[in-house]
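1. All I have is the shape, not the residue letters:
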């Protein structure tokens, strides 16, 4: 895989390869690329250990850095995945949560490595950005009560 000029670097304690493989198995247009080994001992690994792994998540180039413990991910960064239907929404949400992740609110969840994900049905985005501000408010208010987004409920509140 040829690295993009601008790449997202994600810090993992020691399991960047495991995370990259999970993403590649879970999301389309996702792959695991080259692994680069530490040229010498360092504070987070020994010479020869995988230091970085190149991977792509839904077409976005990333590097996973096995940087060691002590760096926590936060809500300031997330992958936002646009879904077309409830089946796709459920598949991604359930894959992340069932693999040691955590549910949150409003379509957000966190994988077992602490990376935040927004599993966002396109119907919700269209409601928020559409010209019917009353429908947008109803969709927003409904979303605020949900963990995983329920598309049927969003469609019902949009209709009024």
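-> Nice, thanks for sending it over. No experiment lies behind these values; they were computed from the predicted model shown. Numbering: from 1, shown residues only.
2. Of all the residues in the longest helix belonging to the chain, which ones are buried?
-> Here the longest helix in the chain is taken by residue count, with DSSP state H as the criterion, and it is helix 86-98. Taking 16 or more other CB atoms under 10 Å as the basis for neighbour counts, the residues of helix 86-98 that come out buried are 86, 88-90, 92-93, 95-97. Bear in mind the C-beta positions are built from the backbone N, C-alpha and C, glycine included.
3. same thing with stretch 51-62?
-> For stretch 51-62, a neighbour-count test (16+ other CB under 10 Å) marks 51-57, 61-62 as buried.
4. quick one, helices of this structure?
-> Along the chain, the segments classed as helices by DSSP H run 16-26, 86-98, 122-129, 133-143, 151-159.
5. can you put these in JSON lines and add mean pLDDT?
-> Output for these, formatted as JSON lines (pLDDT from 0 to 100):
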{"stretch": "helix 16-26", "mean pLDDT": "98"}
{"stretch": "helix 86-98", "mean pLDDT": "98"}
{"stretch": "helix 122-129", "mean pLDDT": "96"}
{"stretch": "helix 133-143", "mean pLDDT": "97"}
{"stretch": "helix 151-159", "mean pLDDT": "97"}
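6. Could you single out the most deeply buried of those helices?
-> A comparison of these by mean neighbour count, using mean count of other CB atoms under 10 Å, puts helix 16-26 on top with a mean of 19.
7. tally of neighbours for residue 15?
-> Other residues within reach of residue 15 by the criterion other CB atoms under 10 Å amount to 16.
8. Could you list the domains of the protein?
-> Per the record, the chain has its domains at 8-66, 78-159, by automatic domain parsing.
9. if we can go back for a sec, among the buried residues of helix 86-98, which one sits closest to residue 110?
-> Compare each of the buried residues of helix 86-98 with residue 110 using CB to CB and the shortest gap goes to residue 96, at 7.6 Å.
10. Would you agree the closest one is in contact with residue 111?
-> Yes: using CB atoms under 8 Å, residue 96 and residue 111 qualify as a contacting pair, with a distance of 5.0 Å.
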